[in-house]
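Novice: The sequence and its predicted three-dimensional model are supplied below.
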Amino acid sequence: MSATLRIEDLRVGRRGGHGPDLLRGVDLELRSGETLALVGESGSGKSLTGLALLGLLDEGLELRGGRIGLAGRDLASLAPRARRALLGRELAAIFQDPGAALNPHHRVGPALVEILRHRGGLDRRAARQKALRLLADCGLDEVERIAASHPHRLSGGQKQRAMIAMAIALDPDFLVADEATTALDVATQARVVELLDRLRRERGLGLLFISHDLGVVQRLADRVALMYAGRVVESAPAALFFAGPRHPYGRALLAARPTLFGPFERRAPIAGSAPGPEEIGAGCAFAPRCPLARATCHEVDPPARALADGRTLACPVAEEGG
Ligand SMILES: Nc1ncnc2c1ncn2[C@@H]1O[C@H](COP(=O)(O)OP(=O)(O)OP(=O)(O)O)[C@@H](O)[C@H]1O
Ligand SMILES: [Mg+2]
């Protein structure tokens, strides 16, 4: 079954209306069976987008507007309890630190069985069998031993796989992976990325893959959405994006990518730094750093427009070929 998650004009800020919007109208579309990568500098709003989507925003934050459309409902307007009921079933998440997601006092197998029995409605026997199958399906060997282990007995890669097994236990349609492979060594990272890609294919998962690592993104993503200062400024099929983004920020970001021959040396870093939420004026947030900026760019924040090649782009100057 194919499902689409449609995020429109999502706004998040501090609770009580204090301060500026941190997400300033995010638009995204994610289909099951597809990987959408969210990229952009630190602080651009990637994690907040994932958390808002999951209904897991920090207590000090609130949704200020927007819609999260899924299967004819608007998740943004659901009560917190109804929202939580969807977690694991329709939307699930994995994060950088599996330690935080796995209860240190619970052995891995019983923790999985608990999810499958109490939320999945399986009896003990069926839940036990399925738990072992899930662990094996997530590429773990010696599943009996892993199931009987407490998390601290597992390696980083094994913990990450156990966390993925829990996340997909109830067969969610969508999985948010926020820097989920970042803390792993390169070889383990590659295997976990392969696992996520296989789960996407085999289970038709829609993957929202948040990462700083453009190399991994290039391997995994069907589409890329580029965020800057709380907005998506360009989204494109991955092949088009990596062949050449249109947004000046995207061009600068790719030009600053470490090269194969000088992995420790960043080329052409982007001048200036990303503005904090309090520093964003009326115009395009990138205008102060932008080589293409015209007077109007400092006055009007351009909306994203759909282009004929499948991109969306929030830069009229680049759209004109500037
Ligand atoms: N709980 C919070 N309270 C107040 N501001 C927050 C909170 N969480 C995030 N922010 C602010 O919201 C903006 C977006 O943060 P977010 O964590 O989404 O960035 P990110 O793109 O995930 O960055 P990174 O790549 O470093 O993970 C930042 O300006 C950040 O300081
Ligand atoms: Mg983040």
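Specialist: Structure received. Values in this document were obtained by computation on a predicted structure and should not be read as measured data. Ligands and ions are numbered 1, 2, ... in the order given.
Novice: Only C-alpha atoms from now on, for both contacts and neighbour counts.
Specialist: OK.
Novice: who touches residue 212 in this structure?
Specialist: Shown in contact with residue 212 (CA atoms under 8 Å, 6 or more residues apart in numbering): 39-41, 179.
Novice: Could you report the separation of it from residue 152?
Specialist: Between residue 212 and residue 152 the computed distance is 27 Å (CA to CA, to the nearest Å).
Novice: So stretch 88-103, near ligand 1 or not?
Specialist: No: figure legend: stretch 88-103 not in contact with ligand 1 (CA under 6 Å from any ligand atom); closest approach 10.1 Å.
Novice: Span of that stretch from start to end?
Specialist: End-to-end distance for stretch 88-103: 16 Å, by CA to CA.
Novice: Wait, a helix at residue 249?
Specialist: Yes: according to DSSP: H, G, I helix; E, B strand; the rest coil, the state of residue 249 is that of a helix.
Novice: which ones are touching it?
Specialist: Taking CA under 8 Å, 6+ apart as the criterion, residue 249 is in contact with 228, 286, 290.
Novice: quick one: contacts for the nearest residue to residue 250 once chain neighbours are set aside?
Specialist: In space, and not counting its chain neighbours, residue 250 is closest to residue 226: 7.1 Å by CA to CA, 6 or more residues apart in numbering. Shown in contact with residue 226 (CA under 8 Å, 6+ apart): 38-40, 232-235, 250.
Novice: can you rerun that using 10 Å?
Specialist: 37-41, 44, 46, 232-236, 241, 245, 247, 249-250, 253, 313 (CA atoms under 10 Å, 6 or more residues apart in numbering).
Novice: Please apply the same query to residue 132.
Specialist: 109, 112-113, 138, 140, 142-144, 146-147, 165.
Novice: Report the separation between it and ligand 1.
Specialist: 33 Å (CA to the nearest ligand atom, to the nearest Å).
Novice: what do you get for residue 78?
Specialist: Note on residue 78: its distance to ligand 1, by CA to the nearest ligand atom, is 21 Å.
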